[in-house]
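In: Give me a model of this one.
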Amino acid sequence: MKIHPNHLKKIVLVLLVVFSTASTKAQDIHFSQFYASPLTLNPALTGINDCNYRASINYRNQWHSITVPTTFTTFAAAFDINSLAARNIKTGNLSAGLVIFSDKAGDGDLSNTSVLASAGYRYSFDEAKKYSLSVGLQTGYVHKGFNIELLDFEDEFNGTNFTGIATNENFPKTGLGYLDMNAGLLFVGNVSPKINVYAGAAAFHLIQPKESFLNNANSKLNMRTVAHAGAKVKFNEKWSIVPSVLYMGQSKATEINFGTNLGYHISNANMESDIYFGGYYRLGDAVNLMVGGEFNSVRLGLSYDINISGLSSATNNKGGFELSLSYTGCIGGLILEPPVLWCPRF
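Out: The predicted model follows:
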């Protein structure tokens, strides 16, 4: 029996959705511009910004070349602020943040909507605050679901097409929710006026909540571990380089992402701005090309993934488009604690 290539793609995608809903090894969302989504990367990044508060959004759309009713999209919005209770906390800096993200994937409209609040505490080892260690905690509610009416199953396939006849597949529920908890650590060092470094680690799903549409009591969302590091090195008043690396592991899945951005500083009597461009490699999966810029307190990043994995035959080597946008502001006289002098980004 021969199956048309378009039908084969559809069958493969249906299997991916079904396995992702039934498996105990579901995978988390990820951004190629991981450095531009701090509260989904590491809770310890809460409040780590160039001034006092930060608002950001991230949007990702991938695999739109595959013909499915619903594309694979991820959206996140976050806000965080540092220097809370500065009159009472004399030996450190207390921060708080909130991140909301929504992820939708494939034919079955598999969705993940999460609302997470985070708290961070930064302790500086020296009076100049060149070296500091931050700890962050994050907790909130997660809801996942899918639309069974948008899925096609084997008993609906007549050898040529999906007939639309009601399936005999049975799911006890098409939605579920649970409490989630994450934690992380971050070290930041201002080694010199020209060199800044950072390194962090985080653990997500600390309580390993149950996650199953089949009422499987043994189905747990496995813990995800994260390690990341990077630096910013200024060659001169104009040029700088910003390398970074990310490792994530969950169940038997791993992701290693590394690369660098090159920055060019523009300064004159009317403005101060920076332009960044570079590339990253997600090991065995995709090459990510990026361009971005900063103007005053606004940062914008645009990137595109070029798929090079075994999935490239279905995606026609196309990957994902991604947008990041953030604004960092200062509250002024209300803040007693000096702001963080440098934060990891781009």
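In: mind listing what the nearest residue to Ser132 once chain neighbours are set aside touches?
Out: By the measure of CB to CB, 6 or more residues apart in numbering, the closest residue to Ser132 outside its immediate chain neighbours is Ser124, 4.4 Å from it. Yep, even glycine has a C-beta here, placed from its N, CA and C like the rest. When contacts are counted by CB atoms under 8 Å, 6 or more residues apart in numbering, Ser124 touches 92-93, 130-132.
In: Tell me the one among these nearest to Gly120.
Out: If you rank those by distance to Gly120 using CB to CB, Asn93 comes first, at 8.3 Å.
In: In three-state terms, label the closest residue in space to that closest one that isn't next to it in sequence for me.
Out: Taking CB to CB, 6+ apart as the measure, Asn93 lies nearest to Arg122, with 4.4 Å between them; neighbours along the chain are not counted. Three-state call for Arg122 (DSSP: H, G, I helix; E, B strand; the rest coil): strand.
In: any idea how far the residue nearest to Ser132 lies from Ala86?
Out: Ser124 is 14 Å from Ala86, where distance means CB to CB, to the nearest Å.
In: Also Leu185?
Out: Relative to Ala86, Leu185 is positioned 22 Å away (criterion: CB to CB).
In: Just the pLDDT at Phe277, thanks.
Out: Predicted confidence (pLDDT) for Phe277: 94.
In: coming back round to it: can you flag which of the contacts of Ser124 belong to strands?
Out: In strands, judged by DSSP state E, the following of the contacts of Ser124 are found: 93, 131-132.
In: Among those, which one is most surrounded by other residues?
Out: Of the ones in strands among the contacts of Ser124, Asn93 is surrounded by the most neighbours, 24 neighbours in total, counting by other CB atoms under 10 Å.
In: thinking again about what came up before, who touches both of Ser124 and Ala86?
Out: By the contact definition CB under 8 Å, 6+ apart, Ser124 and Ala86 are jointly contacted by Asn93.
In: element containing Asn257?
Out: Here Asn257 sits within strand 253-267, counting by DSSP states H and E.
In: who does that strand touch, helix- and strand-wise?
Out: Contacts of strand 253-267 with other secondary structure elements, assessed using 3 or more CB pairs under 8 Å, 6 or more residues apart in numbering; DSSP states H and E, are made with strand 239-250, strand 272-282, strand 286-295.
In: Just the angle for that strand relative to strand 272-282, thanks.
Out: Inter-element angle recorded for strand 253-267 and strand 272-282: 160 degrees (by axes from the mean of the first three to the mean of the last three CA atoms, to 10 degrees).
In: Could you tell me the angle between strand 253-267 and strand 286-295?
Out: The directions of strand 253-267 and strand 286-295 differ by 30 degrees, with the same axes, to 10 degrees as the criterion.
In: which residues sit against strand 253-267?
Out: 25, 27, 30, 32, 34, 232, 237-249, 272-283, 285, 288, 290, 292, 346.
In: Would you mind measuring from Thr174 to Gly92?
Out: Per CB to CB, Thr174 is found 45 Å from Gly92.
In: residues touching the nearest residue to Phe277 once chain neighbours are set aside, list them.
Out: Leaving aside its chain neighbours, Phe277 sits nearest to Val291 (4.7 Å; criterion: CB to CB, 6+ apart). Neighbouring residues of Val291 by CB under 8 Å, 6+ apart: 275-277, 301-303.
In: What's the separation between Val291 and Val245?
Out: Distance of Val291 to Val245, given as CB to CB: 20 Å.
In: and which of the contacts of Ser124 is nearest Ser192?
Out: Lys130 (9.1 Å).
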